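A.B. asks: quick one: sequence plus predicted model below, questions after.
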Amino acid sequence: NAGVTQTPKFQVLKTGQSMTLQCAQDMNHNSMYWYRQDPGMGLRLIYYSASEGTTDKGEVPNGYNVSRLNKREFSLRLESAAPSQTSVYFCATTRPGQNYEQYFGPGTRLTVT
Amino acid sequence: AQSVTQLGSHVSVSEGALVLLRCNYSSSVPPYLFWYVQYPNQGLQLLLKYTSAATLVKGINGFEAEFKKSETSFHLTKPSAHMSDAAEYFCAVSDGRDDKIIFGKGTRLHILP
């Protein structure tokens, strides 16, 4: 099992360009998340999806859109990238049941110039 | 609203010394508490979790944490630090009402030879 996979691993964009970050999981989990990690800020939730067909805003959703394509895939789109979106992006899923333990992908390091 | 405070963004200990990373939480209901570790250029992985069973929780790599309700704390300890413990550590809390968890800002652990 691959667990949680993310593509690409690295990306450099120019201001105003768009791109989609892909996330896929093979653990049959319902809930999926997108976080961004910035130095000294910890992980901040951008969007999450409790199940296929549903998405909700997290703490820092501005400038992002998401699609829960099916149970396995949850993509994050930057329509018009800004330097403030330079960050490391992590996708995660939650183990079903009462533990709320999250499983993380390896991350995408995005630089916007 | 739930929140997590990690005391000290950087902690340095000598190899073989006690590791103590501090975490205080705020939650209106009995919480689920987690410690995650992030090695350089990797995603987060779960070290240990508290889910209302034993208050002393043992995790991987010799780490443990004690839930103290009266102090609203969940400090992470390891009796003897190893060079391989150098990483960033995140405390996190969930109130179990939804599938979201809140992360602290992280503590970077440095091990001195």
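C.D. replies: Cool, the structure landed.

A.B. asks: can you list contacts of the worst-scoring helix or strand of chain A on mean pLDDT?
C.D. replies: In chain A, no helix or strand scores lower on mean pLDDT, DSSP states H and E than strand A:102-104, which sits at a mean of 91. With contact meaning CB atoms under 8 Å, 6 or more residues apart in numbering or on different chains, strand A:102-104 is reached by A:3-4, A:25, A:27, A:29, A:33, A:90-95, B:43-46, B:101. Where you see a C-beta, it was placed from the backbone N, CA and C, and this is true even at glycine.

A.B. asks: show me which of the residues you listed are buried.
C.D. replies: Those of these that meet the buried threshold are A:4, A:25, A:29, A:33, A:90-95, B:43-44, B:46, B:101, by 16 or more other CB atoms under 10 Å in any protein chain shown.

A.B. asks: spatially central residue in the chain, please.
C.D. replies: You didn't say which chain, so I picked chain A. The C-alpha lying nearest the average C-alpha coordinate of chain A belongs to A:Trp34 (CA atoms, centre = their mean; 2.8 Å).

A.B. asks: try again with chain B
C.D. replies: Residue closest to the average C-alpha location in chain B (CA atoms, centre = their mean): B:Trp35, at 3.5 Å.

A.B. asks: name every strand pairing with the least confident helix or strand of chain A and say which way it goes.
C.D. replies: strand A:87-94 (antiparallel) (DSSP bridges).

A.B. asks: now do the partner strand, average pLDDT.
C.D. replies: Averaged across strand A:87-94, pLDDT comes to 95.

A.B. asks: can you tell me what sits against that strand?
C.D. replies: Under CB under 8 Å, 6+ apart, the answer for strand A:87-94 is A:4, A:6, A:21, A:23, A:25, A:27, A:29-38, A:43, A:46, A:74, A:76, A:100-105, A:107-110, B:43-44, B:99.

A.B. asks: check stretch A:58-71 too.
C.D. replies: Identification of contacts with stretch A:58-71 by CB under 8 Å, 6+ apart yields A:28, A:30, A:32-34, A:36, A:44-49, A:51-55, A:74-80, A:82, A:84-85, B:100.
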